[in-house]
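Sequence first, then the predicted structure:
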Amino acid sequence: MLLGLSIVLLLTTGAGTYLIASSILDTFPSRPPLGDSLTQSIAWLGIIASASFLASIVVALIAITGMRRERLYHRQTEARLQRALQTADQAGDLIAIVNRKGRIEFINRTVEQMTGFSHEELQGKTHRPWLPWYAEDQAFDAVRQTVMTGGSYRGLVSCRRKDGTPFLIDEHVTPVIETNGVVDRFISTARDVTRLKQIEDRLDYLDRYDPVTGIPNRRSFGDLLKREIEDCERAGGLLAVVVLDIDRFKPINDIFGAGVGDEVLRQITRALRTPIGPGDRIARLGSDEFGIIHRYDMQHLTANIVAERVQRAVAQKIFVGGHEIALTASIGLAIFPDDGQDAATLQNHADMALSRAKARGRNTIQHYSRDMNDTIFEFYVMEKRLSDALLNNEYQVEYQPYCDLATREVAGAEALIRWSNSEIGTVSPAQFIPSLEESGQIVDVGAWVLKKVCRQIREWNRIKRTCPIAVNLSHIQFRHKDLVTIVANTIRELNIDPRQLTLELTESICIHDMDFTVSVLKKLKDTGVSLSIDDFGTGYSSLSYIKKLPVDTIKIDISFIRDVSKDPDAASIITAITGMARSLDLKTIAEGVETEGQRTVLHLLRCDMGQGFYFSPSVPAKDFERILAGRHESLIMPVR
């Protein structure tokens, strides 16, 4: 407005000067000559007045142009501000503008959507109601201390929506500083990081805890062990690391599925809490491996007693998804400070003891000893060599005959796999077969044994040396989806009479999931092979389940044979088994016959056949061929 008044005044002054000069000139009717000084002065005055008037016009035009530019600038600025506010209103982050007194001047739509508070509820308020009162005070104080001095502030703030639902924001506050250096207001931008924080917390949890059982994992176990050792060093006392492995857990997953396997692990976790003290720590170290840290002194429970209690807690029947599952555990034990001074050494030595327990037949407890270092190395070497054994043709098949107990004539034979490596020598099947099962190699090795035996049967048929040959099936093979196809194709490929082949499976395989077992056995029976139940009497031997199985032979477990000649109870059990078998028209074979006395008693108890060192150990194919050549003679071979 002042600029407009100045322009008017300037134009008025210029115009007035011009008019005065023109009036003076007009008062002289006859103008003097140019040389007259007064006339010249008046003329110059007119010129100056004209120039002043023109200058006034130019200045006015410039001023008017400036006014228009200023108005255009203000309109453009206002438009940019509106666009900025519209953009802020549509932004995905929370945006709020707050003055230096803390009063809200602007919030965007995301604030309304995220907090549940409307624009009307927040506009002009001196606080942000989505912050709890304590967080509001703390946050505003922190902001005031930092932002009001020209700095910026960033931090995580816990909030609550209008309905009380909690959420977390990552807030960034920056000041708006005027030209005089004073902070006039500040802008708060924030992002909802609730989901991100949940993911972060979950990852942190998974880094330290087992998601299936909810107990600490191997990493946390190591940290806990370090702290417990430090406490032991300060306060005294002893500490035991108990590491246990669930025997043959992998087949549970293979047979019943991972869901059942996970539930078994959860039940084991609950069972393990019973035998340990309230201050003891438990963790899941691996797939089927658990660790326990037990603090004790000699006046209370020893580590060995706790290990035995843990073993008994695991060795119970578990019912999952309608299935009854019997479990056992192998346990390794290491003691601080005798077996290790630090967490890593102590845990490593407990693992060594566990490996020794597994190698010695499982379901055992082993304490760490210094000689285990060499043993574990040998076991590692064996496992490494085992992976190449089939490719290097290191397996052989031997045949152990079973004979008629009355005539001692050969009635058949069991094919037994043997492994000999050029570097580590001959390895017991009790050592390498569990490794084959755990690694899954047993399927390929089992198929190789089946083909090897069928090829040998064909060869013996060619030279008129025939008898039934039994091949063992592991629980992994029995549950394999292609078992029946593998058997049928092998018989067809080698063109043998399927009645010359017997497939043996242990009683423990049969008792789980009876419907599945019967279905597979019937399909195998349809191929023409004979079926035999091995280790009979060690599981749930009963007429009710055995009569459901389409089997031909029962092999009585060696544990009943050892004392049959002097233990009436063993003799009674065998009598019951042979009687049951005869009622179902099944043949019986006694395993582990080693003496004439055993043979005689077993014959009297009406057992049909016997197998064991009394008749012959397992022998290579060529030696068994010679046995077949004289099969009609009584067979009693010296033990090699």
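Looks like it arrived, so ask away.

Tell me, how many residues neighbour residue 313?
Other residues lying near residue 313 total 19 when counted by other Cβ atoms under 10 Å. For the C-beta atoms, the positions are set from N, CA and C on the backbone; glycine is no exception.

That one and residue 275, how far apart?
Taking Cβ to Cβ, to the nearest Å as the criterion, residue 313 is separated from residue 275 by 5 Å.

Kindly report the same for residue 257.
Residue 257 is 29 Å from residue 275, where distance means Cβ to Cβ.

out of the two, which sits in the busier spot?
Counted by other Cβ under 10 Å, residue 257 and residue 275 do not tie: residue 275 has more neighbours, with 21 against 11.

Check which helix or strand the more buried one maps to.
Secondary structure assignment for residue 275, by DSSP states H and E: no helix or strand.

That one: what's it in contact with?
Neighbouring residues of residue 275 by Cβ atoms under 8 Å, 6 or more residues apart in numbering: 306, 309, 310, 312, 313.

Excluding chain neighbours, give the residue nearest to it in space.
Nearest non-adjacent residue to residue 275, counting by Cβ to Cβ, 6 or more residues apart in numbering: residue 309, 3.3 Å away.

That neighbour: how many residues sit nearby?
Neighbours of residue 309 (other Cβ under 10 Å): 15.

For it, pull up the helix or strand it's in.
helix 303-314.

same for that helix, what does it pack against?
If you count contacts as 3 or more Cβ pairs under 8 Å, 6 or more residues apart in numbering; DSSP states H and E, helix 303-314 packs onto strand 238-246, helix 258-272, strand 289-296, strand 329-336, strand 365-367.

pLDDT averaged over that helix - what is it?
Average pLDDT, helix 303-314: 85.

which residues sit against the helix or strand just after it?
Downstream of helix 303-314, the first helix or strand assigned by DSSP H and E is strand 317-320. Residues outside strand 317-320 that contact it (Cβ under 8 Å, 6+ apart): 256, 260, 263, 264, 267, 268, 324, 325, 326, 327.

Go ahead and confirm the first one touches residue 263.
To tie it back to what came earlier, the one meant is residue 256. No: if you go by Cβ atoms under 8 Å, residue 256 and residue 263 don't touch, sitting 9.3 Å apart.

that's a helix at residue 222, yeah?
Yes: under DSSP: H, G, I helix; E, B strand; the rest coil, residue 222 sits within a helix.

what's it in contact with, if anything?
By Cβ under 8 Å, 6+ apart, residue 222 lies in contact with 343, 344, 347.

and it, what pLDDT?
Per-residue confidence for residue 222 comes out at a pLDDT of 90.

ok, now how distant is it from residue 285?
Residue 222 is 10 Å from residue 285, where distance means Cβ to Cβ.

returning to that earlier point: tabulate the helices and strands packed on helix 303-314 (a markdown table), appending mean neighbour count, mean pLDDT and distance to residue 595.
Listed next are the helices and strands packed on helix 303-314 as a markdown table, based on neighbours: other Cβ atoms under 10 Å; pLDDT from 0 to 100; distance: least, Cβ to Cβ, whole Å:
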| stretch | mean neighbour count | mean pLDDT | distance to residue 595 |
| --- | --- | --- | --- |
| strand 238-246 | 24 | 91 | 37 |
| helix 258-272 | 17 | 88 | 42 |
| strand 289-296 | 23 | 89 | 42 |
| strand 329-336 | 26 | 91 | 33 |
| strand 365-367 | 21 | 90 | 33 |
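
Now do the contacts for residue 562.
Contact partners of residue 562, counting by Cβ under 8 Å, 6+ apart, are 570, 592.

Tell me the secondary structure of it, please.
Quick answer, by three-state DSSP: residue 562 is coil.

Roughly how far does it sit from residue 595?
From residue 562 to residue 595 the distance is 10 Å (Cβ to Cβ).

Repeat that for residue 341.
According to Cβ to Cβ, residue 341 and residue 595 sit 53 Å apart.

got it, and residue 360?
For residue 360, the distance to residue 595 equals 27 Å [Cβ to Cβ].

ok, now residue 439?
Distance from residue 439 to residue 595, by Cβ to Cβ: 38 Å.

Residue 341 and residue 595 - which one has more neighbours?
The residue with more neighbours, out of residue 341 and residue 595, is residue 595; 15 against 11, by other Cβ under 10 Å.

now that one, nearest residue through space, not along the chain?
Take residue 595 and drop its neighbours on the chain: the residue closest to it by Cβ to Cβ, 6+ apart is residue 614, 6.1 Å away.

my read is the one you found is in a helix, agree?
No: counting by three-state DSSP, residue 614 falls outside a helix, being coil.

ok so, going back, and residue 153, which of the helices and strands packed on helix 303-314 is closest to it?
Set against residue 153 and scored by Cβ to Cβ, the helices and strands packed on helix 303-314 come closest in strand 289-296, at 44.5 Å.

Within the sheet, what are the partner strands of that closest one, with directions?
Paired strands of strand 289-296, with direction, are strand 238-246 (antiparallel), strand 281-284 (antiparallel) (DSSP bridges).

okay, those in CSV with distance to residue 230 next?
Compiled in CSV, the strands paired with strand 289-296 are given as follows (distance: least, Cβ to Cβ, whole Å):
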stretch, distance to residue 230
strand 238-246, 11
strand 281-284, 14
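
Okay, helices next: where are they in the stretch 351-500 of the chain?
Counting by DSSP state H, counting those that start in this stretch, the stretch 351-500 of the chain has helices at residues 372-386, 429-439, 442-462, 475-479, 483-494.

nearest to residue 149, of those helices?
For the helices of the stretch 351-500 of the chain, proximity to residue 149 was assessed by Cβ to Cβ; helix 372-386 is nearest, at 64.8 Å.

show me where the stretch 101-250 of the chain has helices.
Under DSSP H, counting those that start in this stretch, the stretch 101-250 of the chain gives helices at 109-115, 119-122, 133-147, 194-208, 218-235, 250-256.

Reformat these as JSON lines; add distance to residue 294.
Converted to JSON lines, these look like this (distance: least, Cβ to Cβ, whole Å):
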{"stretch": "helix 109-115", "distance to residue 294": "50"}
{"stretch": "helix 119-122", "distance to residue 294": "58"}
{"stretch": "helix 133-147", "distance to residue 294": "43"}
{"stretch": "helix 194-208", "distance to residue 294": "21"}
{"stretch": "helix 218-235", "distance to residue 294": "9"}
{"stretch": "helix 250-256", "distance to residue 294": "27"}
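
The ones you listed: lowest mean pLDDT?
Ranked by mean pLDDT, the helices of the stretch 101-250 of the chain bottom out at helix 133-147, which scores a mean of 62.

Could you give the number of residues near residue 369?
Neighbourhood size, residue 369 [other Cβ under 10 Å]: 13.

got it, and residue 165?
Using other Cβ under 10 Å, residue 165 has 11 other residues around it.

Check the gap between it and residue 199 for me.
Taken as Cβ to Cβ, the span from residue 165 to residue 199 is 18 Å.

Likewise for residue 594?
Note on residue 594: its distance to residue 199, by Cβ to Cβ, is 65 Å.

Give me the more crowded residue out of those two.
Taking other Cβ under 10 Å, residue 594 and residue 199 do not tie; residue 594 has more neighbours (16 against 11).

you'd agree the more buried one is up against residue 610?
No: counting by Cβ under 8 Å, residue 594 stays clear of residue 610, with 9.8 Å between them.

Tell me where the stretch 51-200 of the chain has strands.
In the stretch 51-200 of the chain, the strands defined using DSSP state E, counting those that start in this stretch lie at 94-99, 104-107, 153-160, 166-177, 183-192.
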